[in-house]
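# based on what follows, work out the 3D shape:
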Amino acid sequence: MTDTGEDIPALEIRTEPGVDPSCVLAIFDLDKTIIDTSASMAYRKPLAERGLITTSEMLRMLIMLGNYMISGHDDQSLNATRDTLVGMVRGRREADLATVAHEALHEVIVPFIYAEARDLIDRHRAAGHRIAIITASARVLVQPIADELGADHLIATELDVDDEGYFTARARQKSRDYDDWRTPKATTSPPASPTPTPPPTFRSSPPSATPPR
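Now for the predicted structure:
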């Protein structure tokens, strides 16, 4: 985020009276909210250097990143980005991509983490709240980011892997963590609602955290 030289008051982090802080879930988007880049595209150079994608694929990712930073993503472009990544890594070992994501984290991601976003996440954690990060990027690439920020849940695209640990040509948008935080344990969940609750609206940096339904 740009430093304007002005003092901006810190967002107040509070828990509603009578609510167990551990039942509060603060939800953050990843790309262009926590980090000033696209997580999927940021790894293009280390992936190419290790031979996991070709030079032409790296350049294609660079062009896609430029378009994303200028105009953002709609549903169509998100699907196109996901399909492009799936095609690039098809037949590659999951362990190899996971290694790149871990080793290159401080080179291609950490410098782009907004200081304000990290601070807000830290203050939610200090208040006893749980942290969830949502992204359309592949879990194998963004899990180290979630670990770096101490997130409790990561909702990301899951790439299918065969029995030998190689990526197939399939992807599932919903992460396995989605069901984990949607259904907290009875010891920490708020009283059940007598009527069905609609799916949550994902918001980044909520001004007043509220307990997950």
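# mind listing the helices for the chain?
Secondary structure of the chain, counting by DSSP state H: helices at 39-42, 44-49, 55-71, 75-89, 94-103, 105-108, 115-126, 139-149, 177-182.
# so which of those is the most surrounded?
When the helices of the chain are scored by mean count of other C-beta atoms under 10 Å, the highest mean neighbour count falls to helix 39-42 (a mean of 25). Heads up, the C-betas are built off the backbone N, CA and C, glycines and all.
# got the confidence number for residue 189?
pLDDT recorded at residue 189 is 31.
# where are the low-confidence patches of this structure?
Along the chain, the model assigns pLDDT under 70 to residues 1-11, 65-82, 172-213.
# and if we set it to 50?
Of all residues in the chain, those with pLDDT under 50 make up the ranges 1-5, 8, 178, 183-213.
# next up, the contacts around the residue lying closest to residue 90 once chain neighbours are set aside.
Distances taken as C-beta to C-beta, 6 or more residues apart in numbering place residue 169 nearest to residue 90, at 5.1 Å, with adjacent residues excluded. For residue 169, the contact set (C-beta atoms under 8 Å, 6 or more residues apart in numbering) comprises 86, 87, 90.
# quickly note the distance from the first one to residue 106.
Separation of residue 86 from residue 106 (C-beta to C-beta, to the nearest Å): 26 Å.
# how about the second one?
Distance of residue 87 to residue 106, computed by C-beta to C-beta: 28 Å.
# how about the last one?
In this structure, residue 90 and residue 106 are separated by 28 Å, where distance is defined by C-beta to C-beta.
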